[in-house]
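Trainee: Only the shape, not the letters, is given here:
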């Protein structure tokens, strides 16, 4: 776990930091182990808990926010994400076309 964050560390400046949110304790532990084994534990912090609880507590601004959550949660998180990304920052998301996975979701228009 934490594979995407680990790849992002390659692009970080020396003083750059990544924060990743993980609600599952086992996955959070695996991510921390992966960061440690890759020699990147000083650059990545694992925030444990639900994104809906954690995001409002973060200060920001962030240069990049990469969302890899259940698609059904994305519309609920979107306003918090917009508050955290800096002007000119980037928001990426996995599963951009959720109809592939859940026919009850309308897709991007439900977020916009």
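Mentor: Received it, and whenever you're ready, just let me know what you need. Please read all numbers here as calculations on a predicted model, not as lab measurements.
Trainee: what's the first-to-last distance across stretch 63-81?
Mentor: 11 Å (CA to CA, to the nearest Å).
Trainee: Can you list the buried residues in it?
Mentor: 65-67, 69, 71, 74, 77-78, 80-81 (16 or more other CB atoms under 10 Å). Every residue, glycine included, has its C-beta placed from N, CA and C.
Trainee: Mind giving me the packing neighbours of the strand with the most length in the chain?
Mentor: Counting residues, the longest strand found in the chain (DSSP state E) is strand 85-93. Counting contacts by 3 or more CB pairs under 8 Å, 6 or more residues apart in numbering; DSSP states H and E, strand 85-93 packs against strand 62-67, helix 74-84.
Trainee: what's the helix or strand for residue 59?
Mentor: Residue 59 belongs to no helix or strand when assigned by DSSP states H and E.
Trainee: which of the buried residues of stretch 63-81 lies closest to residue 41?
Mentor: Using CB to CB, residue 66 is the member of the buried residues of stretch 63-81 that sits closest to residue 41, with 19.0 Å.
Trainee: Many thanks, I have nothing further to ask.
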